[in-house]
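**Student:** Any chance you can model this:
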Amino acid sequence: MISNSKFAVLFLLLVTTVSYSDAQKNKTVQGGMTAYINNLMAKMTLEEKIGQLNLLTPGGGVATGAVVSKDVEAKIRAGSVGGLFGVTGVEKIRQAQQLAVTGSRLKIPLLFGSDVIHGYKTTFPIPLGLSCSWDTLLIEESARIAAAEATADGLNWAFSPMVDIARDPRWGRVAEGSGEDPYLGSRIAASMVRGYQGNFSSSNLMACVKHFALYGAAEGGRDYNTTDMSRVKMYEYYLPPYKAAVDAGVGSVMTSFNEIDGIPASGNPWLLTDLLRKQWGFKGFVVTDYTSINEMTDHGSGDLQTVSAMALRAGVDMDMVGEGFLTTLKQSLKAGLVTQQQIDNACRRVLEAKYKLGLFDDPFRFCNAERAAAEVLSAEKKVAARNYGVRSAVLLKNANQVLPLKKSGTIALIGPLANNQSNMPGTWSVSGDAKLAIPVLQGMKEIAGNNVNIIYSKGANITDDSLLARKANVFGEKVDRDPLSPDQLIAQAVATANKADVIVAVLGEASEMSGESASRSDISLPASQQKLLTALSATGKPLVLVLMSGRPLTIEKENRLTDALLHVWFQGQEAGHSIADLLFGNYNPSGKLTMSFPRNVGQIPVYYNYKNTGRPQQDLNAEAQKFRSNYLDVSNEPLFPFGYGLSYTNFNYSEISLDKTSMKPAESIKASVSVSNTGKYDGEEVVQLYIRDVYASVTQPVKKLKAFRKVTLKAGETKTVTFDISINDLKFTGSDLRQIYEPGAFRVFIGGNSKDVKEAGFILTK
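**Tutor:** Now for the predicted structure:
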């Protein structure tokens with residue numbers, strides 16, 4: 001086996017550098033921004049100022065909404081467009097930019113945005129998968145590489161990162177985020193902003209944090225649905241990742257579709273002005289999500305003119321696609337519904353973004369055909385994608401050390417996702433080409449070597465439900481129907497399995513069964529695949545399940561039927577190579593879950609940082625206890641908890657050692673554990689530290705993640721991991737929404753996941 005540290009050496013790091021001239025230009029840009037924009041705005045008509053607030057999509061690419069803009073060219077010439085999205089490629093972007101800077105009166109350049117969610121042309125693992133690496137430097141690097149590729153192709157604005165905290169896996173957009181925890185989510189949000197934006201060189205994109213705010217708490221896990229929660233819950237659990245992105249200097253913020261306190265986010269002045277600008281000091285610009293101003297009418301907030309004025313007053317600067325600003329703000333100004341200052345403020349913020357990107361200095365600085373030829377789909381990016389893939393996978397089960405597979409004998413590779421290109425990139429890979437993806441069968445054959453005989457059978461359709469298949473095929477065929485009947489497919493698979501020493505079943509969702517507008521009330525494997533797995537298990541052969549999905553699934557049955565379970569999410573372009581590296585032990589899995597896996601949908605929402613009630617379940621492993629907060633038919637505990645993930649080796653933790661048992665607010669405590677690799681393989685372990693405030697004026701959860709460290713241990717090696725616990729780790733959101741701390745007892749937990757931990761305690765004194 002190649003150790004994880006040696007595997008990392010194989011990864012060719014792509015470093016984006018800034019030339020001296022770029023740095024000088026940026027310095028000049030920042031120094032003269034206010035004077036430059038004052039001078040420009042003095043020349044602008046009211047119509048031209050409103051035009052800068054208009055973001056359009058001309059269509060022709062992959063649709064990310066239900067509306068396509070009309071007469072785009074004429075609007076650009078009229079100075080009625082501030083930016084475009086849905087346009088990719090140096091030549092197309094150059095043509096549109098040329099029209100703006102030569103065909104319009106004031107020659108103001110356009111912004112060009114895109115949903116660069118997990119890579120650009122070279123697709124990486126979906127964000128939920130990448131978050132399972134718990135490697136913030138690696139995640140920052142992935143954003144930097146995606147920015148280098150996207151800017152080489154003409155883009156300068158990414159609608160990413162999505163940082164919505166989500167506790168409900170029925171919501172399809174959990175695929176785009178970093179899971180359920182605000183601390184980890186905040187660390188990842190800041191890393192992605194730094195990776196995308198850098199110092200705004202020609203290799204950097206302007207990031208756009210989304211969806212502001214609380215979108216991940218949609219009721220029932222149903223996309224676009226309403227949200228409702230207390231302010232304390234907002235500040236403690238849901239708002240921190242957005243603030244982390246703002247603190248990291250994110251250039252733009254995208255509003256969400258949901259409402260907050262009964263007011264839609266795109267028209268909510270408390271959210272966009274009081275919180276975002278006044279409390280957090282955000283200096284960038286706010287863009288709506290796709291037609292979300294128009295959709296405020298369906299919320300019941302008023303007609304288009306009313307909601308457009310409402311959005312501008314609340315703090316929105318740019319209207320995505322809906323054109324409510326373009327068509328109503330002039331009338332609203334005359335009617336006194338908005339002020340000239342509000343229009344000017346929004347226009348200024350959009351122009352400032354263009355200035356920071358260097359577009360006034362050189363509108364075509366992102367349109368370099370030679371750079372595009374060198375950067376887009378380069379060999380280095382494929383290596384990066386493969387590296388990210390192995391680090392995002394989570395080993396959930398490995399009974400009898402079935403994995404890693406031997407590079408000898410016969411392996412039956414079975415399943416509808418085993419030899420399938422179209423689903424490998426995953427949801428929201430809008431600029432990627434699935435035809436470039438490496439399927440699992442190809443990857444295994446290339447990596448296994450000559451002593452392995454790999455035999456393949458499809459075994460089942462992804463689903464036999466024609467309605468579900470049609471919905472999953474909205475962006476092209478992701479679910480196909482085999483000419484063989486379901487029974488014939490299973491019989492064929494069983495015959496294949498009986499010829500093998502071990503079975504590898506590759507099952508899961510189609511890529512568009514998760515993502516936007518892909519909520520599911522039933523998050524189990526489709527029945528067609530459950531029947532296949534049952535039949536394969538009945539052969540008695542060692543059975544490895546490679547599971548692909550964009551969300552946690554309810555897999556209690558699958559966990560019982562299999563010997564090993566490797567969750568790979570959707571790994572992107574290099575999926576087949578990454579998965580083969582994992583299966584054959586070229587890389588030792590090190591991923592840890594960032595969302596809990598429920599046992600069934602009735603447990604949802606299930607998450608690690610829950611609060612005790614006045615009647616908590618006293619013994620989490622016991623059967624249901626009368627007059628306690630539990631279910632009659634299922635445990636309170638998830639199937640797999642937050643932070644969980646196995647390795648091909650074993651890690652043992654010592655008891656926690658504290659350097660003292662009490663601390664004052666100005667002091668800190670060192671908490672240490674010794675972690676030993678007691679197995680036969682080198683590996684990596686994510687050591688996690690959680691804290692509980694035992695008694696507080698606002699009730700606290702049973703534990704909160706406060707630190708983590710990923711350590712590499714050779715077989716037989718022991719390392720001491722030490723965390724410094726400061727007063728900041730002991731703070732919580734008080735009833736006045738301020739961060740406070742209170743003297744008293746605290747518990748410290750350290751372990752390899754949120755459940756299996758060592759425990760110690762200390763006192764915070766006055």
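
**Student:** For the stretch 501-650 of the chain, which segments count as strands?
**Tutor:** 502-508, 543-548, 564-567 (DSSP state E, counting those that start in this stretch).

**Student:** for those, which one sits closest to residue 261?
**Tutor:** Minimum separation from residue 261 across the strands of the stretch 501-650 of the chain (CB to CB) falls at strand 564-567, 37.0 Å. Backbone N, C-alpha and C define where each C-beta goes, glycine included.

**Student:** Do you have the strands of the stretch 1-150 of the chain handy? List them.
**Tutor:** 54-56, 83-85, 111-114.

**Student:** Pipe these into JSON lines and attach distance to residue 219 and mean pLDDT per row.
**Tutor:** Below are these laid out as JSON lines (distance: least, CB to CB, whole Å; pLDDT from 0 to 100):
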{"stretch": "strand 54-56", "distance to residue 219": "29", "mean pLDDT": "98"}
{"stretch": "strand 83-85", "distance to residue 219": "29", "mean pLDDT": "97"}
{"stretch": "strand 111-114", "distance to residue 219": "29", "mean pLDDT": "98"}
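
**Student:** Just put these in a markdown table and tack on mean neighbour count and distance to residue 619.
**Tutor:** Shown next, in a markdown table, are these (neighbours: other CB atoms under 10 Å; distance: least, CB to CB, whole Å):
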| stretch | mean neighbour count | distance to residue 619 |
| --- | --- | --- |
| strand 54-56 | 27 | 55 |
| strand 83-85 | 25 | 54 |
| strand 111-114 | 26 | 52 |
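
**Student:** Point out the one among those that comes closest to residue 672.
**Tutor:** strand 111-114 (45.8 Å).

**Student:** So what are the sheet partners of that closest one and their directions?
**Tutor:** When pairing is defined by DSSP bridges, strand 111-114 lines up against strand 83-85 (parallel), strand 157-158 (parallel).

**Student:** Now render these as JSON lines, adding distance to residue 410.
**Tutor:** Listed next are the strands paired with strand 111-114 as JSON lines, based on distance: least, CB to CB, whole Å:
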{"stretch": "strand 83-85", "distance to residue 410": "49"}
{"stretch": "strand 157-158", "distance to residue 410": "45"}
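
**Student:** How many neighbouring residues does the residue nearest to residue 701 when sequence neighbours are not counted have?
**Tutor:** Once flanking residues are discounted, residue 701 sits nearest to residue 609: 4.1 Å by CB to CB, 6 or more residues apart in numbering. By other CB atoms under 10 Å, the residues close to residue 609 number 21.

**Student:** same deal with residue 46?
**Tutor:** Considering only other CB under 10 Å, residue 46 is surrounded by 14 other residues.

**Student:** pretty sure it is touching residue 330, no?
**Tutor:** Yes. Using CB atoms under 8 Å, residue 46 makes contact with residue 330 at a distance of 6.3 Å.

**Student:** re the thing from before, the residue nearest to residue 701 touches residue 706, doesn't it?
**Tutor:** No. Counting by CB under 8 Å, residue 609 stays clear of residue 706, with 10.9 Å between them.

**Student:** tell me the contacts of residue 101?
**Tutor:** 107, 108, 109, 363 (CB atoms under 8 Å, 6 or more residues apart in numbering).

**Student:** from those, which single one is nearest residue 469?
**Tutor:** Nearest to residue 469 among these, with distances taken as CB to CB, is residue 109, at 43.9 Å.

**Student:** Output the lowest mean pLDDT helix or strand found in the chain.
**Tutor:** Of the helices and strands making up the chain, the lowest-confidence element is helix 20-31, at a mean of 43, by mean pLDDT, DSSP states H and E.

**Student:** Could you check how far residue 411 is from residue 85?
**Tutor:** Using CB to CB, to the nearest Å, residue 411 is found at 44 Å from residue 85.

**Student:** okay, the strands of the stretch 501-650 of the chain, which one's buried deepest?
**Tutor:** Most buried of those, by mean neighbour count (mean count of other CB atoms under 10 Å): strand 502-508, with a mean of 27.

**Student:** can you list contacts of it?
**Tutor:** 402, 405, 409, 411-418, 440, 444, 459, 497, 525, 529, 532-533, 536, 539, 541-549, 553, 558, 562, 579, 583.

**Student:** Repeat that for stretch 612-624.
**Tutor:** In contact with stretch 612-624 (CB under 8 Å, 6+ apart) are residues 625, 627-633, 635-637, 699, 702.

**Student:** Among those, which pair sits farthest apart?
**Tutor:** 633 and 699 (27.4 Å).

**Student:** quick one: which of the two has more around it?
**Tutor:** Set residue 633 next to residue 699 and count neighbours by other CB under 10 Å: residue 699 wins out with 12 against 9.

**Student:** ok but the more buried one is inside a helix, no?
**Tutor:** No. Read with DSSP: H, G, I helix; E, B strand; the rest coil, residue 699 is coil and lies in no helix.

**Student:** Apart from its chain neighbours, what residue comes closest to it?
**Tutor:** Counting by CB to CB, 6+ apart, the residue nearest residue 699 is residue 611, at 5.6 Å.

**Student:** which residues sit in contact with the one you found?
**Tutor:** Residue 611 touches 699, 700, 701, 702, counting by CB under 8 Å, 6+ apart.

**Student:** Same list, those residues, but as TSV with distance to residue 243 please.
**Tutor:** Converted to TSV, the contacts of residue 611 look like this (distance: CB to CB, whole Å):
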residue	distance to residue 243
699	23
700	20
701	19
702	24
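
**Student:** which of those tops the neighbour count?
**Tutor:** In those, the most neighbours by other CB under 10 Å go to residue 700, 19 neighbours.

**Student:** Distance check, that residue against residue 757.
**Tutor:** Taking CB to CB, one finds residue 700 at 17 Å from residue 757.

**Student:** What is the burial count for residue 167?
**Tutor:** Neighbours around residue 167, by other CB under 10 Å: 23.

**Student:** ok, the nearest residue to it once chain neighbours are set aside - how many residues close by?
**Tutor:** Among residues not flanking residue 167 along the chain, residue 605 sits closest, at 4.0 Å (CB to CB, 6+ apart). If you count neighbours by other CB under 10 Å, residue 605 ends up with 15.

**Student:** Same check on residue 637?
**Tutor:** So residue 637, with other CB under 10 Å, has 17 neighbours.

**Student:** you'd agree it is up against residue 754?
**Tutor:** No. Between residue 637 and residue 754 there is no contact under CB under 8 Å: 10.6 Å.

**Student:** that older thread, now the residue nearest to residue 701, what are its backbone angles?
**Tutor:** Residue 609 adopts backbone torsions of phi -90, psi 50, taken as degrees, to the nearest 10.

**Student:** any idea how far residue 732 is from it?
**Tutor:** 12 Å.

**Student:** any idea of the pLDDT on residue 354?
**Tutor:** Model confidence at residue 354, given as pLDDT, is 98.

**Student:** Where does it sit: helix, strand or coil?
**Tutor:** Of the three states, residue 354 takes helix under three-state DSSP.

**Student:** Next, find the distance separating it from residue 112.
**Tutor:** 11 Å.

**Student:** and what of residue 36?
**Tutor:** Relative to residue 112, and taking CB to CB, residue 36 is found at 21 Å.

**Student:** thinking again about what came up before, closest to residue 689 out of the contacts of residue 101?
**Tutor:** residue 109 (47.4 Å).

**Student:** Can you report how many residues lie near the closest one?
**Tutor:** For residue 109, using other CB under 10 Å, the count is 26.

**Student:** which residues sit in contact with it?
**Tutor:** Contacts of residue 109 (CB under 8 Å, 6+ apart): 97, 100, 101, 354, 359, 360, 363.
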